[in-house]
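Engineer: generate a structure from the sequence data that follows.
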Amino acid sequence: MFAEDFEAIAGMSEIGVYNFMNDPQLGMAVLPDTEDNKFYMIFTKRNPLGQELRLLVNKELMRLQKSGELRKMLSNYLRP
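Structural biologist: All right, here's what the predicted structure looks like:
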């Protein structure tokens, strides 16, 4: 047993570290009496592409939020 954020597990599966999401011997459950974690992204300041990527991510997040698509996508992962 181990405790990990859903995003980390899904991310490891996506990048090929290990497919936790489809392993039939593993299960997932929300830990009771825990608060949701906030999500943060880090962009490097040393490489100019870091700033460019930050701007692109922020622009896309604003577009998704404005259109209602972000809420629809997040509804799969957020508790009511």
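
Engineer: strands of the chain, start to end?
Structural biologist: Taking DSSP state E, the chain contains no strands at all.

Engineer: tell me where it has helices.
Structural biologist: 6-14, 48-67, 69-74 (DSSP state H).

Engineer: tell me which of those helices sits nearest to Met28.
Structural biologist: helix 6-14 (7.5 Å; CB to CB). Every residue, glycine included, has its C-beta placed from N, CA and C.

Engineer: buried ones in the closest one?
Structural biologist: By 16 or more other CB atoms under 10 Å, the buried positions in helix 6-14 come out as Ile9.

Engineer: for the chain, which spans come out with low pLDDT?
Structural biologist: 77-80 (pLDDT under 70).

Engineer: now with 50, please.
Structural biologist: Along the chain, no part satisfies pLDDT under 50.

Engineer: make TSV out of the helices of the chain and add distance to Gln25.
Structural biologist: Formatted as TSV, the helices of the chain follow (distance: least, CB to CB, whole Å):
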stretch	distance to Gln25
helix 6-14	14
helix 48-67	35
helix 69-74	29
